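>>> got a structure for you, letters missing:
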């Protein structure tokens, strides 16, 4: 990974900070676009994964669309070069002011998740004298075999329109004159590594498309979401995800007319491996149980995933040498959940050693907070070193 190659330069920056490998980002985005283009698929960057302006400007320059889940994300997407006609606005709860802003920008589509949301968008569009293009988000009730906090397509999840609501929704659409139902939207979860899950999704997409067309709808676009997982354990082995295998599942499984546009929302798979969180060892100590603890200057305020999901990230001692020891790696926040790893074997850690927490380009800086009045982490880019 990049940090190993430039570790001497990293001393020039105050930790903790995010280090982004822009060359790896380029290779990843180009690979995703190339493999998607084999089938004429349209990609949208799920900017909730990482909303750094430089990263977004680069992805926009490659011709990708944007997937947004808030009004501020729609605004950031436009500011960083994404064309409004390539922006989809998802999100289970959209404020009136956010909907109005997006309507005025003329975005590609709203992904709507409930009948009440449809009523609100119709009313706001009528006040503006426009027609809103809408894709109905369907909850397909599929288990994505991932962490329960990042499942989005199970019946108990808050996302999407449940099958039991579909008939009611269709029955009311005739009264909503400022909405054009042009698409269907699906999203079943994140960090999915079992491609068979996506084959099951294809079957649900096909069934939904047939049902809506039989009901008289003209569906021009289908958005199948994203969720492709990455290798957190040994990132060097798979710096670029297997986009070829991923898109091939949909090419084989989808049964849609060639005229229907197929859209994807990729976030984690594009940016996760290009980012590392660089931190400095502050102190080492021994717990009451005799465990070695290393306290670093990064914490859950910079990278929340381990505390929130009990997720694991590969960690490397960039500057230390000597025999390996097992450590608990803890951050500075006054919470017992502020732990990055337990029983992690690393070359002996000393005050001042630099650590790299890998695969941190997605849901890292984007989820950072100022809890304990911490400063937000800065970003360092490979092409600026």
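Received the coordinates, thanks. What you see is a predicted model, and the numbers here were worked out from it, not measured in a lab. Numbers count the residues shown, from 1 in each chain.

>>> C-alpha from now on. contacts and neighbour counts both.
Will do.

>>> my guess is residue 295 is in a helix, correct?
No: judged by DSSP: H, G, I helix; E, B strand; the rest coil, residue 295 forms no part of a helix; its state is strand.

>>> and it, how far from residue 231?
According to C-alpha to C-alpha, to the nearest Å, residue 295 stands 26 Å off from residue 231.

>>> do the same with residue 112
In terms of C-alpha to C-alpha, residue 112 sits 32 Å off from residue 231.

>>> more crowded one of the two?
Between residue 112 and residue 231, counted using other C-alpha atoms under 10 Å, residue 112 has the larger neighbour count: 27 against 20.

>>> surely that one meets residue 134?
Yes: counting by C-alpha atoms under 8 Å, residue 112 touches residue 134, with 6.6 Å between them.

>>> who touches both of the two?
Shared contacts of residue 112 and residue 134 (C-alpha atoms under 8 Å, 6 or more residues apart in numbering): none.

>>> in this protein, where is pLDDT below threshold?
Scanning the chain for pLDDT under 70 picks out 140-160.

>>> remind me, longest helix of it?
helix 196-214 (DSSP state H).

>>> other SSEs contacting the lengthiest strand in the chain?
Taking DSSP state E as the criterion, the chain has its longest strand at strand 275-286. Other elements packing on strand 275-286 under the criterion 3 or more C-alpha pairs under 8 Å, 6 or more residues apart in numbering; DSSP states H and E are strand 17-20, strand 292-296, strand 354-357.

>>> can you say which of the ones you listed is nearest to residue 336?
Nearest to residue 336, of all the helices and strands packed on strand 275-286, is strand 292-296, at 12.4 Å by C-alpha to C-alpha.

>>> next SSE after that closest one?
Note on strand 292-296: by DSSP states H and E, the next helix or strand toward the C-terminus is helix 305-309.

>>> who's in contact with the helix or strand just after that next one?
Note on helix 305-309: by DSSP H and E, the next helix or strand toward the C-terminus is strand 315-317. The contact list for strand 315-317, computed with C-alpha under 8 Å, 6+ apart, reads 346-347, 349, 353-358.

>>> try it again at 7 Å.
Strand 315-317 has contacts (C-alpha atoms under 7 Å, 6 or more residues apart in numbering) with 346-347, 354-358.

>>> which strands border it, and is each parallel or antiparallel?
strand 354-357 (antiparallel) (DSSP bridges).

>>> chain center to the strand it pairs with: distance?
Put simply, strand 354-357 sits 23 Å off its chain's centre (C-alpha atoms, centre = their mean, to the nearest Å).

>>> list the buried residues for the helix or strand following it?
Proceeding N to C from strand 354-357, the next assigned helix or strand is strand 378-381, under DSSP H and E. Of all the residues in strand 378-381, those buried under the rule 16 or more other C-alpha atoms under 10 Å are 379-380.

>>> now strand 378-381: how far from the chain's centre is it?
The answer for strand 378-381 is 19 Å, by C-alpha atoms, centre = their mean.

>>> which other helices and strands does it contact?
If contacts are counted by 3 or more C-alpha pairs under 7 Å, 6 or more residues apart in numbering; DSSP states H and E, strand 378-381 sits against strand 17-20.

>>> now for the strand it packs on, which elements pack on it?
Applying 3+ C-alpha pairs under 7 Å, 6+ apart, one finds that strand 17-20 makes contact with strand 275-286, strand 378-381.

>>> which other residues reach the first one?
The reference is to strand 275-286. 15-21, 292-298, 350-361.

>>> try 8 Å
Against strand 275-286 from outside (C-alpha under 8 Å, 6+ apart): 3, 15-21, 292-298, 349-362.

>>> just name the most buried of the helices and strands packed on strand 17-20.
When those are scored by mean count of other C-alpha atoms under 10 Å, the highest mean neighbour count falls to strand 275-286 (a mean of 21).

>>> quick one, it and strand 292-296 angle?
130 degrees (axes from the mean of the first three to the mean of the last three C-alpha atoms, to 10 degrees).

>>> return the distance of strand 275-286 from the chain's centre.
Taking C-alpha atoms, centre = their mean, one finds strand 275-286 lying 26 Å from the centre of the chain it belongs to.
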